[in-house]
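Visitor: For reference, the sequence and a predicted model appear below.
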Amino acid sequence: MPRAPQRHHHRWLRPAAVAAAALTAWTAAPSAAAPLPPETARPAHCSRIGAAKVPGAARQQASCLDELTTAGTVASGHTDPADWAGLTPEGLATPRGVPGIQIDGYFPDSSTTNTNHGWNHDSQFVIRLPDRWNGGLVVSGAPGVREQYANDRAFGDWAVSQGYAFAATDKGATSAAFHRDGRTPGDALAEGNHRVTQLTRAARQVVARRYQRPPTRTLAMGMSNGGYLVRWQLENHPELYDGGVDWEGTLWRTEGPNLLTFLPPALRHYPSYAAGGAGAEQAHRAMEAAGYPAGSEFLWPFHHQYYWDLTQRIYREELDPEFDGATEAGTPFCAPGTPACDADYAYTDRPGKVREAVAKIALTGRIGKPLISFHGTYDVLLPISRSSDVYAQLVRQEGRGHLHRYYRVEAGTHVDSLADAFPGRVRPLVPCHRSAATALERWLDHGVRPPSSRTLKLPEGAGPEKLLTHCPLNG
């Protein structure tokens with residue numbers, strides 16, 4: 001089908017908005033930000049705001065804010081709660097007391113799905129420059145098909161409260177119709193890699209202009225599709241970063257596994273399992289064979305309703321638009337056997353040009369800087385055995401295992417808001433991010449290697465409050 005540059009704006013699975021951001025150290029988390037070191041740079045409030053220009057931006061506007069975290073940006077209009085809705089637990093504490101500069105803007109782009117600020121322009125970014133700076137910069141891309149504020153609650157608040165400058169991009173293609181961007185299959189996804197590289201280079205210059213010295217540490221961080229971006233950056237542009245934190249990153253491999261190999265079996269077999277009867281046991285075995293682990297069944301109805309079908313259809317449309325001919329992104333919840341039904345999609349049987357599209361975004365494992373990855377064992381959108389387990393193996397095969405630590409988090413799932421829906425059965429991953437970030441800092445600053453890769457067991461008898469703040473990497 002034709003691939004038009006103009007797209008309509010849609011929101012992609014944004015359950016009820018939730019609030020607040022917990023800060024944890026390696027083995028436990030205080031309820032407030034850890035003290036910054038005494039040598040931390042602290043210019044006057046919003047000093048040099050006029051010098052903080054973003055090179056290459058087509059539009060930018062700088063604001064002097066008394067609060068850079070969501071404790072203030074929600075009320076001031078400098079974030080979009082809908083963008084991070086459903087990603088974090090409701091009880092997550094929000095740090096506050098972080099004044100500084102926020103720059104909103106966009107780079108040149110022809111697509112128009114991102115409606116933030118009324119701009120109707122993609123490749124939007126946000127850069128936050130706290131008055132009290134620790135010398136570092138955190139760069140991220142949005143998860144899913146969300147926009148530039150999507151990471152604000154998950155780790156953007158944490159970053160600025162620790163003194164980091166923080167930059168985030170919408171990846172240049174947003175919404176459930178992101179696949180309309182680009183001229184050929186795979187272009188819209190590949191653009192995300194370019195946009196993170198572009199923002200990293202620009203943000204490093206902005207930091208140098210504002211603080212009058214370049215950052216001493218640049219870290220890539222991201223979850224889901226954002227985690228994929230971290231991996232790709234450390235493989236392809238390690239010169240821009242000192243390290244990265246990969247939270248349940250998506251895996252793209254030309255021969256699989258990838259989304260298009262494990263989502264169709266879920267669409268094909270879950271309805272038979274849910275219906276019960278004679279075929280339920282066989283359907284359950286098929287689900288397990290596709291990577292959906294026993295014990296995670298209580299999460300399957302939600303993912304069938306909100307995630308599996310939509311995700312398969314829009315990513316398949318991006319990479320293999322000819323599968324359903326003139327139809328755009330398939331037929332929702334079609335029954336197996338229906339013509340051009342995504343439940344019947346067989347990646348291995350598709351023409352070679354589909355693999356050529358995937359090759360534009362494929363990962364190799366050849367990371368060039370330290371990377372800490374973590375992934376929940378109950379992730380039933382990106383099953384761990386078909387994603388991060390495979391990526392960790394790729395890194396080892398490429399001889400880069402000394403640069404990687406990988407933590408399998410027992411009972412963690414893809415979005416932390418499900419820890420509220422299933423208390424005690426689902427473990428939030430946000431404290432694992434805090435532990436991973438702190439471990440990466442120690443690794444880079446002091447040469448203290450993080451604990452060896454392992455499965456982090458669900459603490460016996462731990463209640464929701466402890467799980468929200470506790471994720472020791474030696475557990």
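Guide: Yep, that arrived.
Visitor: Only C-alpha atoms from now on, for both contacts and neighbour counts.
Guide: Noted.
Visitor: Which residues does stretch 403-410 contact?
Guide: 367-378, 392, 395, 427, 429, 450-458, 473 (CA atoms under 8 Å, 6 or more residues apart in numbering).
Visitor: Would you mind checking the residues you listed for buried ones?
Guide: Among the contacts of stretch 403-410, those classed as buried by 16 or more other CA atoms under 10 Å are 367-378, 392, 395, 427, 429, 450, 453, 455-456, 458, 473.
Visitor: For R217, give its distance to D242.
Guide: If you measure R217 against D242 using CA to CA, to the nearest Å, the figure is 6 Å.
Visitor: Just the ones of the contacts of stretch 403-410 in helices?
Guide: 392, 395 (DSSP state H).
Visitor: Give me the subset of the contacts of stretch 403-410 lying in strands.
Guide: If you go by DSSP state E, the contacts of stretch 403-410 have 371-376, 454-456 in strands.
Visitor: Now do the contacts for Q312.
Guide: 259-260, 263-264, 342.
Visitor: Repeat that for S224.
Guide: 143-144, 247-250, 414.
Visitor: pLDDT at it, what is it?
Guide: For S224, the model assigns a pLDDT of 98.
Visitor: For it, which non-adjacent residue is closest in space?
Guide: G249 (4.4 Å; CA to CA, 6 or more residues apart in numbering).
Visitor: If you rank the contacts of Q312 by neighbours, which is first?
Guide: When neighbours are taken as other CA atoms under 10 Å, the top entry among the contacts of Q312 is D342 (30 neighbours).
Visitor: Isn't it up against G330?
Guide: Yes - assessed by CA atoms under 8 Å, D342 is found in contact with G330 at 6.7 Å.
Visitor: and for those two, which residues touch both?
Guide: R313.
Visitor: residues of the host helix or strand of R285 that come out buried?
Guide: R285 belongs to helix 280-289 when assigned by DSSP states H and E. Residues of helix 280-289 classed as buried by neighbour count (16+ other CA under 10 Å): 280, 283-284, 286-288.
Visitor: Mind checking what secondary structure E191 has?
Guide: helix (DSSP: H, G, I helix; E, B strand; the rest coil).
Visitor: how close does it sit to T174?
Guide: Taking CA to CA, one finds E191 at 11 Å from T174.
Visitor: is it true that A266 touches M287?
Guide: Yes - counting by CA under 8 Å, M287 is a contact partner of A266 at 6.1 Å.
Visitor: Start and end of stretch 139-153, how far apart?
Guide: Counting by CA to CA, the terminal residues of stretch 139-153 are separated by 15 Å.
Visitor: what is the rounded mean pLDDT of it?
Guide: On average, stretch 139-153 scores 98.
Visitor: Tell me if A326 really is in a helix.
Guide: No - per three-state DSSP, A326 lies outside any helix segment and is coil.
Visitor: what about it, how many neighbours?
Guide: Count around A326 with other CA under 10 Å applied: 11.
Visitor: Distance of it relative to C341?
Guide: From A326 to C341 the distance is 13 Å (CA to CA).
Visitor: And the strands in the protein?
Guide: 59-65, 100-106, 124-130, 136-141, 165-169, 217-223, 243-247, 371-376, 404-409, 454-456.
Visitor: Restricting to C-alpha, output the second one in PDB.
Guide: Provided in PDB are the C-alpha atoms of strand 100-106 (Å, rounded to 0.1, in the frame of the first residue of the first chain):
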ATOM      1  CA  GLY A 100      15.900  24.800  36.200                       C
ATOM      2  CA  ILE A 101      15.400  25.300  32.400                       C
ATOM      3  CA  GLN A 102      13.100  23.300  30.200                       C
ATOM      4  CA  ILE A 103      13.500  23.500  26.400                       C
ATOM      5  CA  ASP A 104      10.700  22.200  24.200                       C
ATOM      6  CA  GLY A 105      11.000  22.000  20.400                       C
ATOM      7  CA  TYR A 106      11.300  19.900  17.300                       C
END
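Visitor: Just want the angle from that strand to strand 59-65.
Guide: When axes from the mean of the first three to the mean of the last three CA atoms, to 10 degrees is applied, the directions of strand 100-106 and strand 59-65 differ by 160 degrees.
Visitor: for strand 100-106, packing partners?
Guide: When contacts are defined as 3 or more CA pairs under 8 Å, 6 or more residues apart in numbering; DSSP states H and E, strand 100-106 packs onto strand 59-65, strand 124-130.
Visitor: Buried deepest among those strands, which one?
Guide: For the helices and strands packed on strand 100-106, the largest average neighbour count (mean count of other CA atoms under 10 Å) is found in strand 124-130, namely a mean of 28.
Visitor: Quick one: distance of it to the chain centre.
Guide: 17 Å (CA atoms, centre = their mean, to the nearest Å).
Visitor: in its sheet, what does it sit against?
Guide: Here strand 124-130 is paired, per DSSP bridges, with strand 100-106 (antiparallel), strand 165-169 (antiparallel).
Visitor: can you pull out the helices in this structure?
Guide: Shown for the chain, the helices assigned by DSSP H span residues 70-76, 81-84, 157-161, 187-211, 225-236, 259-275, 280-289, 300-303, 309-319, 352-359, 388-397, 418-421, 430-446, 464-469.
Visitor: Packed most tightly, which of those would that be?
Guide: helix 157-161 (a mean of 27).
Visitor: Using PDB, write down the CA coordinates of it.
Guide: Extracted in PDB, the C-alpha atoms of helix 157-161 (Å, rounded to 0.1, in the frame of the first residue of the first chain):
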ATOM      1  CA  ASP A 157      11.900  12.700  37.400                       C
ATOM      2  CA  TRP A 158      14.600  10.500  38.900                       C
ATOM      3  CA  ALA A 159      17.200  11.800  36.400                       C
ATOM      4  CA  VAL A 160      16.700  15.600  37.100                       C
ATOM      5  CA  SER A 161      16.400  15.000  40.900                       C
END
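Visitor: related to what we said a few turns ago, output the ones in strands among the contacts of stretch 403-410 in TSV; the columns should cover distance to A75 and pLDDT.
Guide: Output for the ones in strands among the contacts of stretch 403-410, formatted as TSV (distance: CA to CA, whole Å; pLDDT from 0 to 100):
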residue	distance to A75	pLDDT
L371	35	99
I372	34	99
S373	33	99
F374	33	98
H375	33	98
G376	33	98
R454	41	98
T455	40	98
L456	38	98
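Visitor: TSV please, covering those residues and showing distance to A167.
Guide: What follows is the ones in strands among the contacts of stretch 403-410, written out as TSV (distance: CA to CA, whole Å):
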residue	distance to A167
L371	19
I372	20
S373	20
F374	22
H375	23
G376	26
R454	31
T455	31
L456	30
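Visitor: Which single one of the residues you listed is nearest to L319?
Guide: H375 (25.1 Å; CA to CA).
Visitor: can you pull up the bridge partners for the closest one?
Guide: With DSSP bridges as the rule, H375 is bridged to R408.
Visitor: so who does it touch?
Guide: Contacts of H375 by CA under 8 Å, 6+ apart are 247-249, 384, 388, 407-409, 412-413.
Visitor: just P423 next, same as before
Guide: So P423 contacts P464 (CA under 8 Å, 6+ apart).
Visitor: what pairs with it across the strands?
Guide: Counting by DSSP bridges, the residues bridging with P423 are V426.
Visitor: That one and A462, how far apart?
Guide: Counting by CA to CA, the gap from P423 to A462 is 10 Å.
Visitor: M287 now?
Guide: In terms of CA to CA, M287 sits 29 Å off from A462.
Visitor: Could you do I367 as well?
Guide: 35 Å.
Visitor: What ranges in this structure fall below the confidence cut-off?
Guide: 1-43 (pLDDT under 70).
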